[in-house]
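1. give the three-dimensional model of this entry:
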Amino acid sequence: MPPLFVYGTLRRGSPHPAAAWLRDGATWMGAARAAGRLLLVDNAGTRYPVLEPGGRGWVQGDIYTVDDAALWRRLDEYEGDQFQLIPIQVQLTSGSAAPEPVDAVAYAPVHAPGPGAEIPAGDWLAFLAPPQGL
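-> Residues are numbered from 1 along each chain as shown. Sure thing, here's the model as predicted:
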């Protein structure tokens, strides 16, 4: 299986408990970005980011090597039947002078998510961070 690109609740440093599954059961390859937009979806009061691949913007994330079949199953259950793994090319941005291309997979919605506000800079963790200087 190709490496997994994560861009939201599963990111390294995310406060969501599911992020610990990757931290503890996978190998972090580094920070990465993918071409696309990151949209904020509100589903009955639950807010989460959704990847819209392609385009001119960048979505910030992390890339992991996942070798454990049980962890893949757990991730699939967490994402549910509204998300599917898609192939995506990302750029590894940590540890190299120039972004390095990597073929990966990412969870993306099976159907277009409908209207959603674009998350600034395509960065879920920055979006969650409290404003500085208050």
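
2. and Pro15, what element?
-> Using DSSP states H and E, Pro15 is not contained in any helix or strand.

3. how much space separates it from Val41?
-> To Val41, Pro15 is 18 Å away according to Cβ to Cβ, to the nearest Å. (Glycine included, C-beta is placed from N, CA and C.)

4. higher neighbour count, the two?
-> Between Pro15 and Val41, counted using other Cβ atoms under 10 Å, the more crowded position is Val41 (15 against 9).

5. quick check: that one touching Glu118?
-> No. At 11.3 Å, Val41 does not count as touching Glu118 under the criterion of Cβ atoms under 8 Å.

6. residues near Pro120, how many?
-> Neighbours of Pro120 under the rule other Cβ under 10 Å: 9.

7. tell me the secondary structure for the closest residue to it other than its chain neighbours?
-> Setting aside the residues directly before and after it, Pro120 is nearest to Phe127 in space (Cβ to Cβ, 6 or more residues apart in numbering), at 6.6 Å. Using DSSP: H, G, I helix; E, B strand; the rest coil, the structure places Phe127 in helix.

8. isn't Phe127 up against Ile119?
-> Yes. At 4.9 Å, Phe127 and Ile119 qualify as touching, with contact defined as Cβ under 8 Å.

9. give me the common contacts of the two.
-> Residues within reach of Phe127 and of Ile119 at once, by Cβ atoms under 8 Å, 6 or more residues apart in numbering, are 40, 49.
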